[in-house]
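Colleague: pasting the sequence and the predicted coordinates here, then a few questions.
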Amino acid sequence: MTAVLLLLANAQRGLQRQLGAPGPTLARLPGATATPAATAAVPPPATAQPVAENNHLSAADVQAISRAQIVPLATASDAPPLPPLPATLNDLPLNNFVVLPAPVAAHVRDIFARGQVAGRDQHAFAKIGDSSIADGFFLTRFDGPDYNLGPYAILEATLAYFAGSFGRDSVTVRQGMHSWSVLDPFWADRARCEAGETPLACEIRLLNPALAIIRLGTNDVNTPDYYEENMRLIVESLLALDIVPILGTKADQIDGPGGPNNGIVRRLAEEYQLPLWDFELVAATLPGRGLAPDGVHLTTFYPHDYDQPEAMQRGHALQNLSALLLLESVRRLVVPVGATVSVVEDG
């Protein structure tokens, strides 16, 4: 089904290029109407009428798409399997911090496939967060040459696939960002965002991502109910736009040991059947939880050289590595190895 929807999306975009029609434009987020995955009904693939209405295709173009048949040329089983990802990180099992059980995996594939029909950029992911992923330390170096993955060179495929997203200066990443700030036009970048546009709507319009990594909660202290309400709004807004939300826990315990915010993130990931990047568990393997003396920000590792043993003891180094393992795990879910398709006209 994913391959079918990806093909339909590619066919639509090809027609758009031929006709000079614009792609999707998102100036404002719609009202949050999505429901948790446990109860949400999965809509069928886009029909001819919405395609014509949303992408300005002619009736003839729509009929051509509707007559198309999917002819598999290869399947994932025809290609050699990918080498396995590392089983552990600092002796922590991969599936403890990259949480993608079978129901979540199926839901991710479905959201991603619908996003391709909607025209999302499958090679782009958005970053939504506070200073813990700001200041150029979170993934930024991987859009340039100054890094060495060392024993994790298998992740070069991840860097190639999502090139351009790692170093992006996101309007949804900012020091002091709260869960509610992402939804407040006051926090939008005046130079890049439109009047009245929230940071979230602005970033989606500018980047058009297929995935979004959400890492918030450090600045949402003593307001767990409000934090949960806003996190739900963010998640449901992304789901309504066929973007895969990826929820991440934080290393700090500024809301208290075993504080509520990480628990809220885990619960929302389970409720909505979404990927969970449980970085708190990774941080627990590090000296001082990988935190600087302020107890909030992560310890730095400027070399970005994973041949150095020090990398496995530094907060930012392990945050980046665990995030890359997450992205590669999701990529393998939604981009089957060797899966190719073709379109023929139904005579």
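Modeller: Great, that's in hand.

Colleague: from here on, contacts and neighbour counts on C-alpha atoms
Modeller: Noted.

Colleague: mind listing what's buried along the helix or strand hosting Leu318?
Modeller: Of the helices and strands defined by DSSP states H and E, Leu318 is found in helix 315-334. Using 16 or more other CA atoms under 10 Å as the test for burial, helix 315-334 gives 315-331, 333-334.

Colleague: distance check, Phe142 against Ala283.
Modeller: When distance is defined by CA to CA, to the nearest Å, Phe142 is 21 Å away from Ala283.

Colleague: ditto for Ser322
Modeller: Counting by CA to CA, the separation of Ser322 from Ala283 is 10 Å.

Colleague: break down this structure into its helices, ranges please.
Modeller: Along the chain, the stretches classed as helices by DSSP state H are 2-19, 48-55, 59-67, 94-97, 102-117, 156-161, 199-207, 224-240, 260-272, 279-283, 315-334.

Colleague: what residue ranges in this protein score low on pLDDT?
Modeller: Within the chain, the segments meeting pLDDT under 70 span 1-79, 337-347.

Colleague: swap in 50 and give it another go.
Modeller: Residues of the chain meeting the criterion pLDDT under 50: 3-57, 61-76, 338-347.

Colleague: domains of it?
Modeller: 2-28+41-78+338-345, 88-334 (automatic domain parsing).

Colleague: so for Gly217, which of the helices of the chain sits nearest?
Modeller: helix 260-272 (6.1 Å; CA to CA).

Colleague: run the chain-centre distance for that closest one.
Modeller: 17 Å (CA atoms, centre = their mean, to the nearest Å).

Colleague: got the buried residues for that helix?
Modeller: Neighbour counts using 16+ other CA under 10 Å place Pro260, Asn261, Asn262, Ile264, Val265, Arg266, Leu268, Ala269, Glu270, Tyr272 of helix 260-272 among the buried residues.

Colleague: who are the packing partners of it?
Modeller: Here helix 260-272 is seen to pack against helix 224-240, strand 244-248 when contacts are counted using 3 or more CA pairs under 8 Å, 6 or more residues apart in numbering; DSSP states H and E.

Colleague: relative to Tyr226, how far out is Ala311?
Modeller: Here Ala311 is placed at a distance of 36 Å from Tyr226 (CA to CA).

Colleague: so between these two, which is more surrounded?
Modeller: Ala311 (19 against 14; other CA atoms under 10 Å).

Colleague: can you give me every residue that contacts the more buried one?
Modeller: Residues near Ala311 by CA atoms under 8 Å, 6 or more residues apart in numbering: Phe301, His304, Asp305, Ala317, Leu318.

Colleague: mind redoing it with 10 Å?
Modeller: Residues counted as contacts of Ala311 (CA atoms under 10 Å, 6 or more residues apart in numbering) are Thr300, Phe301, Tyr302, Pro303, His304, Asp305, Ala317, Leu318, Leu321.

Colleague: before we move on, back to that, and the helices of the chain, which is most packed in?
Modeller: When the helices of the chain are scored by mean count of other CA atoms under 10 Å, the highest mean neighbour count falls to helix 199-207 (a mean of 23).

Colleague: burial of the residue lying closest to Gly115 once chain neighbours are set aside, as a residue count?
Modeller: Leaving out its chain neighbours, the residue that sits closest to Gly115 by CA to CA, 6 or more residues apart in numbering is Asp242, at 4.6 Å. As a burial measure, Asp242 scores 24 neighbours (other CA under 10 Å).

Colleague: any idea how far Glu236 is from Asp242?
Modeller: In terms of CA to CA, Asp242 sits 10 Å off from Glu236.

Colleague: any shared contact partners between Ser322 and Ala283?
Modeller: His316.

Colleague: bridged to Leu298, which residues?
Modeller: Beta bridges link Leu298 to Leu291 when assigned by DSSP bridges.

Colleague: that one and Val244: what is the separation?
Modeller: Taken as CA to CA, the span from Leu298 to Val244 is 26 Å.

Colleague: next, the buried residues of stretch 131-148.
Modeller: Those would be Ser131, Ser132, Ile133, Ala134, Phe137, Phe138, Leu139, Thr140, Arg141, Phe142, Asp143, Asn148, for stretch 131-148 by 16+ other CA under 10 Å.

Colleague: which ones are touching the fourth one?
Modeller: Taking CA under 10 Å, 6+ apart as the criterion, Ala134 is in contact with Lys127, Ile128, Thr140, Asp169, Ser170, Thr172, Val173, Arg174, Gln175, Gly176.

Colleague: and these as JSON lines, adding distance to Phe162?
Modeller: Listed next are those as JSON lines, based on distance: CA to CA, whole Å:
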{"residue": "Lys127", "distance to Phe162": "12"}
{"residue": "Ile128", "distance to Phe162": "16"}
{"residue": "Thr140", "distance to Phe162": "12"}
{"residue": "Asp169", "distance to Phe162": "15"}
{"residue": "Ser170", "distance to Phe162": "15"}
{"residue": "Thr172", "distance to Phe162": "18"}
{"residue": "Val173", "distance to Phe162": "18"}
{"residue": "Arg174", "distance to Phe162": "21"}
{"residue": "Gln175", "distance to Phe162": "24"}
{"residue": "Gly176", "distance to Phe162": "27"}
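
Colleague: now the two most distant members of those residues.
Modeller: Longest span within these, CA to CA: Thr140 and Gly176, 19.2 Å.

Colleague: how distant is stretch 131-148 from the center of its chain?
Modeller: When distances are taken as CA atoms, centre = their mean, stretch 131-148 is centred 17 Å away from the chain's centroid.
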